[in-house]
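>>> I'll drop the sequence and a predicted model, then ask my questions.
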Amino acid sequence: MSRFDATSPAERTDLVVAAIRAHRARDSTFLTLETDPESEDSSAGPPPWVQYRDQEQTLNLDCTDAELDSIRAAIDGIGGVRITDQHDTEAGTNLRIEVPGDDERVAQVIETLLLDGFECSEDVRLWAAAV
């Protein structure tokens, strides 16, 4: 990987695809993506983050109670994607989301979750924090 952050939808998609490939090549447990806390309103809660586990084609994320409904609506709008596990945390809810498909599909699902689920701005900075 030569790049570790991105701020446009196309750049974020490319970043996520490259990060998934690096995660797979390293055979790491999780790939962790984080939004830049400086680019989002922190009064709504902690900045969004998403983990991906290639072996299970599963996303892991925490969301506030307010974000949970919009994340569910975003998932409902994507065919073949489903919540497989959900449990309460101190700050809200932890979700496990199954995303079958290729790397580009996973990247598009993450982009949809950021924009429509977490309601991030279109120019949110996304970091590949751990691959």
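Received it, and whenever you're ready, just let me know what you need. Numbers count the residues shown, from 1 in each chain.
>>> paired strands for the one helix or strand residue 94 maps to, with orientation please.
In the assignment (DSSP states H and E), residue 94 maps to strand 93-98. Based on DSSP bridges, the pairing partners of strand 93-98 within the sheet are strand 58-63 (antiparallel), strand 82-88 (antiparallel).
>>> compute the distance between residue 56 and residue 33, please.
Going from residue 56 to residue 33 by CB to CB, to the nearest Å gives 16 Å. Every residue, glycine included, has its C-beta placed from N, CA and C.
>>> pull out the buried positions in the host helix or strand of residue 11.
Using DSSP H and E, residue 11 sits within helix 9-26. Within helix 9-26, the residues scored as buried using 16 or more other CB atoms under 10 Å are 9, 12, 13, 15, 16, 17, 18, 19, 20, 23.
>>> got the contact list for the third one?
The contact partners of residue 13, taken as CB atoms under 8 Å, 6 or more residues apart in numbering, are 104, 107, 108, 111.
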